[in-house]
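In: Next comes the sequence, and after it the predicted model I'd like to discuss.
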Amino acid sequence: MLNSQNKAAKLRRKATEQGFEIKVYVPLGLVERKQQQRRQLDEQRNRENVYELTQEVIVKTYEHDAFLREVITQQPSGNNKHIAVIGEPGAGKTTLLSTIAAFIQNNTQDLPICISLANLQDKDIEEYLLKQWLPEAMRLAKPNIVVTPEIECQLLECFAKERVWLLLDGVDEMGEDSPVQALTKINRELTASLRQARVVLTCRLNVWDAQVNNTLTGFDTYKTQEFKPEQIDDFIQQWFERAGNLAKGKTLQDKLKATQHENIRKLVTNPLRLSLLCQTFYLDKQGELPETKAALYQRFTRYFYEWKSELSIELCNSDDLNDELHQALSKLAFAGINSPARFRLRRSLARQEMGERLFKLAENVGWLNLVDRVAETEEEVYAFFHPNFQEYFAALRVDDWHEFLNHVPNNITQGTYRIFEPQWKEVILLWFGRDDVVKNEK
């Protein structure tokens, strides 16, 4: 049954048309987090580390093998028995859960049971286990078997003997109306008998941190780490090896090391974004990155919606809604860079610039992710999926070049001089790369 589920999980990891990434494996590091992060309202964060945790909230940083050895195989020493793996969209959470399942199977006598929470639909977890998972598992061994109440009791006895790992993937994909409802539902459905298992669940940042006091108790929290440069190289090599074109992969590795592609290199520290870059480069006949970065992000945006099309059905089916969302994101992106906080966007600012409906849509799709809270007020602070996308959307907001330079002779305090401010440099370059801006304006 685990092998069958791992095949299904691999398909969930498919991000590109070719799908070579489902056969790529690069070990992922994790950071154990004490609590949600809080920062001062006026604290600026560099574009590179807006998602980074500060030392105050870090318990310990684990390389992949150390996490399996020290966290998975050891009996929990504190009050919390269970594990939550959190991260932004495409951070490798599903891949990590499959790895944990295989590790348990190969190194312990325990029984790992994987459940994709999107499959629950109207069932609760225990009902799904007994009425759907168990019959499917038994039929793999004995096709004609009928699952009796006695067999169901035997499975629950395995839980009572603390021999089961319950691996729950994708709390954010449960289809509940709000993050709080999703976590409350999980908390309610982890009955006393199921809590005798060790539970590992994966969840997006927005859902796990939706409340100051998480309703789901008994969990230690581990946040996924970004890829290091050598891991990016490893991923590209494996992807293009599966594609049968190692030479092209080597070309991409070399291009990412070039100075002019520094921002793209910083963009692809996440498995999803790196997969999308590999596809973009693979499809280019000349073996080049798109001529402008604006063209690259435009293509990434299309791929991003297709990656989890079930989460963005509205957007895939309506160009008008797509345009409306992008205009709202552009307003927020510009307002953010124009503010002292830049890449840290307070919830109130996001709702003011976008409106409640479009803000919720951007959050659900994954454009905006919860990164910390304002220390003084506990207000949520969001960041774009990556700062590069904030700069890209900000560039889409500018219709008139005077937004960058509007000189007022004899009264410069009334003028606009963003062209001389370093935080606008990338936005201006992306604006120059837009093919819908006439050459005369540029």
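Out: Okay, I see it.

In: mind listing the helices for the stretch 101-250 of the chain?
Out: 125-128, 134-141, 149-160, 179-189, 205-208, 229-242, 246-256 (DSSP state H, counting those that start in this stretch).

In: Among the ones you listed, which comes closest to Q352?
Out: helix 205-208 (18.8 Å; C-beta to C-beta). All C-beta spots, glycine's among them, are computed from the backbone N, C-alpha and C.

In: returning to what we had before: most tightly packed of the helices of the stretch 101-250 of the chain?
Out: Mean neighbour count (mean count of other C-beta atoms under 10 Å) peaks for helix 205-208 among the helices of the stretch 101-250 of the chain, with a mean of 24.

In: which residues sit in contact with Q352?
Out: With C-beta atoms under 8 Å, 6 or more residues apart in numbering as the criterion, no residue contacts Q352.

In: For S339, see how far away it is.
Out: 12 Å (C-beta to C-beta, to the nearest Å).

In: quick one: terminal-to-terminal distance for stretch 80-94?
Out: From its first residue to its last, stretch 80-94 covers 22 Å (C-alpha to C-alpha, to the nearest Å).

In: To clarify, my last question referred to stretch 64-83.
Out: Terminal-residue distance, stretch 64-83 (C-alpha to C-alpha): 15 Å.

In: Give me the distance from it to the chain's centre.
Out: 23 Å (C-alpha atoms, centre = their mean, to the nearest Å).

In: Just the buried positions in it, please.
Out: Neighbour-count burial for stretch 64-83 flags 67-68, 71-72, 81-83 (criterion: 16 or more other C-beta atoms under 10 Å).

In: same deal with stretch 386-399?
Out: Of the residues in stretch 386-399, those buried (16+ other C-beta under 10 Å) are 386-398.

In: How is the protein partitioned into domains?
Out: 27-224, 229-306, 309-432 (automatic domain parsing).

In: Chain neighbours aside, what residue packs nearest to the residue most central in space within the chain?
Out: The residue lying closest to the centre of the chain (C-alpha atoms, centre = their mean) is P89, at 1.7 Å. Nearest non-adjacent residue to P89, counting by C-beta to C-beta, 6 or more residues apart in numbering: G366, 3.7 Å away.

In: quick one: contacts for that neighbour?
Out: G366 touches 88-90, 204, 304, 308, 311, 385, counting by C-beta under 8 Å, 6+ apart.

In: next one: W367
Out: W367 touches 329, 384-385, 389, counting by C-beta under 8 Å, 6+ apart.

In: ok, 6 Å please
Out: W367 is in contact with F385, counting by C-beta atoms under 6 Å, 6 or more residues apart in numbering.

In: Need the phi and psi values for it.
Out: phi -70, psi -40 (degrees, to the nearest 10).

In: Check the one 4 residues further on too.
Out: Here is the backbone geometry of V371 (degrees, to the nearest 10): phi -110, psi -30.

In: residue contacts, it?
Out: Here V371 is in contact with 51, 381, 383 (C-beta under 6 Å, 6+ apart).

In: how far away is L183 from Q109?
Out: L183 is 31 Å from Q109, by C-beta to C-beta.

In: actually P179, not the one I typed
Out: 36 Å.

In: just Q225 next, same as before
Out: For Q225, the distance to Q109 - C-beta to C-beta - is 30 Å.

In: for D172, same thing?
Out: Where Q109 is concerned, D172 sits at a distance of 32 Å (C-beta to C-beta).

In: C278 touches W239, doesn't it?
Out: Yes - judged on C-beta atoms under 6 Å, C278 makes contact with W239 at a distance of 4.6 Å.

In: Can you list the low-confidence ranges for the stretch 251-400 of the chain?
Out: Along the stretch 251-400 of the chain, the parts satisfying pLDDT under 70 run over 311.

In: Can you show me the strands along it?
Out: 345-346, 368-374, 380-384 (DSSP state E, counting those that start in this stretch).

In: Format these as TSV; extra columns: distance to Q18.
Out: Below are the strands of the stretch 251-400 of the chain laid out as TSV (distance: least, C-beta to C-beta, whole Å):
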stretch	distance to Q18
strand 345-346	34
strand 368-374	27
strand 380-384	27
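
In: just checking, which of the ones you listed sits deepest inside the structure?
Out: Comparing the strands of the stretch 251-400 of the chain by mean neighbour count (mean count of other C-beta under 10 Å), strand 380-384 comes out on top with a mean of 24.

In: Now do that one: which elements does it pack against?
Out: strand 368-374 (3 or more C-beta pairs under 6 Å, 6 or more residues apart in numbering; DSSP states H and E).

In: let's see it at 10 Å
Out: The criterion is 3 or more C-beta pairs under 10 Å, 6 or more residues apart in numbering; DSSP states H and E, and the helices and strands that strand 380-384 contacts are helix 205-208, helix 319-337, strand 345-346, helix 347-354, helix 356-365, strand 368-374, helix 387-397.

In: Given the shortest one, what are its sheet partners and their directions?
Out: Taking DSSP bridges as the criterion, strand 345-346 pairs within the sheet with strand 380-384 (antiparallel).

In: Tell me what angle the partner strand forms with helix 387-397.
Out: Computed by axes from the mean of the first three to the mean of the last three C-alpha atoms, to 10 degrees, the angle separating strand 380-384 from helix 387-397 equals 80 degrees.

In: export stretch 215-222 as CSV, just CAs?
Out: Taking only C-alpha atoms (Å, rounded to 0.1, in the frame of the first residue of the first chain), the coordinates of stretch 215-222 have been written out as CSV:
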residue,chain,number,x,y,z
THR,A,215,-5.6,25.0,17.8
LEU,A,216,-3.7,21.8,17.0
THR,A,217,-1.8,20.7,20.1
GLY,A,218,1.0,18.2,20.7
PHE,A,219,3.1,19.1,17.6
ASP,A,220,6.7,20.3,17.2
THR,A,221,7.1,22.6,14.2
TYR,A,222,9.8,22.1,11.5
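
In: now it: how far from the chain's centre is it?
Out: 19 Å.

In: In that stretch, which residues are buried?
Out: Under 16+ other C-beta under 10 Å, the buried positions of stretch 215-222 are 215-216, 219-222.

In: Could you give the average pLDDT over it?
Out: Stretch 215-222 carries an average pLDDT of 91.

In: hmm, back to that, who has more neighbours out of Q225 and Q109?
Out: Neighbour count, other C-beta atoms under 10 Å: between Q225 and Q109, Q225 has more, with 22 against 7.

In: so what's the more buried one closest to, chain neighbours aside?
Out: In space, Q225 is closest to G29, 3.9 Å off (C-beta to C-beta, 6+ apart).
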